[in-house]
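>>> what follows is a protein structure lacking sequence information:
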């Protein structure tokens, strides 16, 4: 395979993992950073691995022109968006591919990102393939009569399901970010909510379309890690994850692979069949749309064991490592050939074939990922700014921690930059079974030293205690 | 009490401000033939609608932009070796020595006299919409902060919380931050002038008007 | 008269002549100067008798040479005459032409706009032994012999609004209106109601005024003149000028804005623009010229006032006569009066009978409709012309049958059916409740297939993936790999936009702040108006060079070559989601979207088409710089012409909707665009009467940077809304369903 030079258009922990993967695969790399991030671990690592020449300071990670200008100036041949920023921006991918000096976009091709980036489209594609989706409309509703009819049907559907208090979700189809969305419990409330949201959407989004869906309260959030090769002919999955431990704002805090563990826990439904169903649906859909990189199919599973496809994330995810740690290729020994999903992404993105089939993928043990964050779980998970003075843990063979906080390596204090998300570190723990993984997780958290002070001098608030408290309930529905 | 005379003397001893002009983003730099010692003009026109003198051009992705002077002054030090180079964001291009104008001198002296309400922590600060509207319509001095009045929105890590003013009652005399820019903890946000200080402030203004000679 | 006074008068005459002839060398002027100086130096030596003789001789010489100089007047000299402080003003006319008057629009500087003078005046006429005082409304600009507060007759919007108000009063009172045009142009401020909007309103109302209007031109400066000059009879003083733009303005445009225009260039422009009374009479934009004394009328030329009086009376008589006819004897007398009889002696009642009032408006329309016909190039063959004429008649018949006769019965029938049905329903309901069926208590049952609809693909025929809003026409600017900076970047923090995204998918709209970058007219034609399936008509009418303006043929040919169009106007019929509409587009790249005779004619024909075929009419201004100055008054006359067509169309019940884009200024905005009751603007467009540069040049005022922005215009009340470019189709369709007059059959 020809050598590539990959521009890493991201920061922090993911930039570091991509960088390491580049080095492992023998590719060159270029890192970008902003002034606020000058002390970040990814800058240190880039300097260490590639020298000053592999670093460029830019104005913002969100300015696409900066990325492409640096790519041209450093002769980069490919660009890896990481997650966030440009990861699911089909226009960025399209620009990379169609500009005068094209760059390989490490991710699905832009058409796929565009189609699956739209939740309505995703729902329609899923339905056309018989993949289960949340009951409700799969296109914007413009007509009140139709909307009322739909709401009526959803209420009836919920009664039939034995749901005592039916609830319908009304949202603006062009909306997002929690604006223009309401939940209603009866038809009268629905009518007024529908009109309110339609007017809101007309005024603020200049699009009157409204979506109407069943609101599902109690569910587990599962994901299927999929990987497909360029051309979209072959695809495999690397198992499932359960991401149900979340903060108030629906931000994931702990992820576990596999998604359910029927060996350790009793479920009210056949967990194995649910997992089989969602993995096969995900891979089938990936093949049907010609999915050509790594991606995640997000599902919700109700207490009765019904899965519904929610959306598809056309990117690498924060929690990819937890799937990697339980996946084995061609039956290799445990602990040996765990899959590096970022490296797979790079390989596939640069055009290599998959080289194996689903039969070559097996799973072993349980993985837990903790997101260590400076925040105050007791106060609505408010992020805490400050200076990290001590950050260390005991290294273990079953533990992998990735962090951009340089304190962990150099011991120097580190000011948490306020411009970016407050993730400090990801810890991935592997155990032969759920019990062992939990015990190891707790051991890790007990041995973790994370100290510092916030702006007012008080001790730095972290979510370590929260993570520890939730460890025992993992995978329980 | 404020010793205006002394402060004026102090400012007269070094009546300049050094303004570093840095690249806003990456790109290829081309200077426009300025030499150290050349004069440049700041933004002009009745509404400051005319940009200042062009100092250099920055070309990124086939888009050539002018980098203009934000203040009038004299060019002192040009990083001429950057000519034609691809530069990173935030690289110093040249320095402008700007002779303080009367208004700037007044602002500097008043900063010592006014009650300064400071940012409690590093964050982005905004005025609440109501006050923002008032300032846009009637100028800074149309707002009269009272203790406990909700004036600011603090934005940190994408979370917004309100911030109330605390301090003496008065009128806003100066705003020291740009809405949406990061402000370090302890930096002043606004300067508030108490009723009793009005004569003092008038005195400062008169003195500076009389004693400070503007230079180009 | 004593000698001193006579010599003083001679000196004044000389200085007037020198003012008029400006810096030019002229043998006659030099001679006069020489003779007068000679006389003045010798005078102390002359005796009384000798002085008398010498002064008499000098006076004769002056008169002789003034007559000679009269023949040498260049157009620019005439401009200097009308601008001279000694030029007769409206007050002089009120004093000398009318028998009595009362100012009603304010007094001197105590007026909402001292430049606009409004008065009720009377003209006394003999009816046998009896004297009849005929009332008229006199409206005109007062230059006040240089009085500062008159603003040189440059009228502010509220001045024109005041004039309009009193025109309406005259209409109510059924008395004729005499307007006197003494303006270098309107004062280009946008304060409410806005210079352009007000002129447009004036034109719109005057197009339908049901009383005789007679206009007299002395200084007719473009839009400012039109505001009161849409008249049944248009007279012109022989030394006046009537022009699309001041010669200085034309020279500034010709010479480029950078370098100051030289006097020679200004002279040349004045000549090329065909601005004199003679020119305008030849071109047919005025009806008669009123001869002034040599070198122009001044307040003491009483003979001139007498002839002016005769002419305005005769003009008013003729208008009345045209509208309602006179007794055969008086008609004969009137015809003879042209030979020299004083029209004052034949009595004509000036208040029109109600039957004649509509006829007056129709005649006015026909009069303007016939103007500037030959100022364009009609490339159609005789066959097509005949066919078009025939089609027109057929459509008229068709509309009459379909919309007037058939539709009326259909409406009645469906109304009846509706009533019966409602009755039957009421009966059914009543019966239902009698039978004990309870309609309210039942839960609406949900059929089984509805449940499956919740989880299966709806409308599978649309395919799984909804197609993106792909534009039919994609701008060529989107093919270049480069980035573009949004002008709001500094204030809104917009990042650079990638040209293929911006000009392709984003339709030229900044994805961060919503700023609209200009797009090609083709973008609108194909993406908004579905031009691919439209029927274009009158493409063969092309812009010409009616005044043979030097060098313009070349520029015109270049514009035609570059755009592939014959004029800056495209007119076509198209369908907006099934509704047939007539659309006219003013294309910016063709000579800045300027309007000349061809554009005006195309617009009128499009409007008439919409009227006859009962279609809504959209006017999209992709940008217009104003009236095409190289066509002189042939251009400026399009303002009243097209506005009258619009008025007729709206009165007939049509929907006329205007959409502004990029930059729309001057004449068109101040007439047929600005008179629409439904005006909208595309975001980030600018509109107004005069651009910032022109305002600075003419008034010395520097306007704030966003003075002409659509949002400013919206808050001033000029336009009714601002639309996003990407939503134009939707908004236009919505407009079709919600706005407009009575003949929109599709509702």
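Thanks, I have the structure now. Because the structure is a prediction, the values reported are computed rather than measured.
>>> give me phi/psi at the nearest residue to residue C:55 once chain neighbours are set aside?
Once flanking residues are discounted, residue C:55 sits nearest to residue C:6: 5.1 Å by Cβ to Cβ, 6 or more residues apart in numbering or on different chains. C-betas here are computed from N, CA, C, even on glycine. In terms of degrees, to the nearest 10, the main-chain angles of residue C:6 are phi -70, psi -40.
>>> residues in contact with residue C:560?
With contacts defined as Cβ atoms under 8 Å, 6 or more residues apart in numbering or on different chains, the neighbours of residue C:560 are C:542-543, C:566, C:590.
>>> among those residues, which are in strands?
Of the contacts of residue C:560, the ones assigned to strands by DSSP state E are C:542-543.
>>> can you tell me which of the contacts of residue C:560 is nearest residue C:180?
Nearest to residue C:180, judged by Cβ to Cβ, of these is residue C:543 at 32.9 Å.
>>> thinking again about what came up before, how many residues are close by the residue nearest to residue C:55?
Neighbours of residue C:6 under the rule other Cβ atoms under 10 Å in any protein chain shown: 16.
>>> also residue C:287?
Using other Cβ under 10 Å, residue C:287 has 18 neighbouring residues.
>>> is it in contact with residue C:232, as I believe?
No: using Cβ atoms under 8 Å as the test, residue C:287 is too far from residue C:232 to be in contact (9.1 Å).
>>> now residue C:31: closest residue in space, sequence neighbours ignored.
Spatial nearest neighbour of residue C:31, chain neighbours left out: residue C:65 (6.9 Å); criterion: Cβ to Cβ, 6+ apart.
>>> equivalent analysis for residue B:82, please.
That would be residue B:29: by Cβ to Cβ, 6+ apart, it lies 4.8 Å from residue B:82.
>>> do you know how far residue C:200 is from chain B?
29 Å (Cβ to the nearest Cβ, to the nearest Å).
>>> give me the element that residue is part of.
Under the criterion of DSSP states H and E, residue C:200 resides in helix C:195-206.
>>> each with direction, which strands does the very next helix or strand once past that helix pair with?
Following helix C:195-206 in sequence order, the next helix or strand is strand C:213-221 (DSSP H and E). Next to strand C:213-221 in the sheet, as set by DSSP bridges, lie strand C:177-183 (parallel), strand C:233-243 (parallel).
>>> can you count the residues close to the residue in the stretch 151-300 of chain A positioned nearest to chain B?
Nearest to chain B in the stretch 151-300 of chain A, going by Cβ to the nearest Cβ, is residue A:249, at a distance of 9.2 Å. Counted with other Cβ under 10 Å, residues neighbouring residue A:249 total 10.
>>> so it sits right up against residue A:383, yeah?
No: contact criterion Cβ under 8 Å: residue A:249 and residue A:383 do not qualify, at 10.7 Å.
>>> list the helices and strands the longest strand seen in chain A packs on?
In chain A, with assignment by DSSP E, the single longest strand is strand A:235-246. In terms of contacts (3 or more Cβ pairs under 8 Å, 6 or more residues apart in numbering or on different chains; DSSP states H and E), strand A:235-246 is packed against strand A:220-228, strand A:252-257, helix A:271-289, helix A:320-324, strand A:361-363.
>>> could you give the angle of it to strand A:220-228?
150 degrees (axes from the mean of the first three to the mean of the last three Cα atoms, to 10 degrees).
>>> what comes up buried for strand A:235-246?
Residues of strand A:235-246 classed as buried: A:235-245 (neighbour count, 16 or more other Cβ atoms under 10 Å in any protein chain shown).
>>> how far off centre is it?
Using Cα atoms, centre = their mean, to the nearest Å, the mean C-alpha position of strand A:235-246 is found 10 Å from that of the whole chain.
>>> mind checking the pLDDT average for it?
Averaging pLDDT along strand A:235-246 gives 93.
>>> now stretch C:28-40
90.
>>> next one: stretch A:122-137
In the prediction, stretch A:122-137 has an average pLDDT of 92.
>>> who touches it?
The contact list for stretch A:122-137 (Cβ under 8 Å, 6+ apart) reads A:115-116, A:138-139, A:150, A:154, A:157, A:168-169, A:211-214, A:216, A:281, A:284-285, A:288-289, A:300, A:306-312, C:454-458, C:460, C:464-466.
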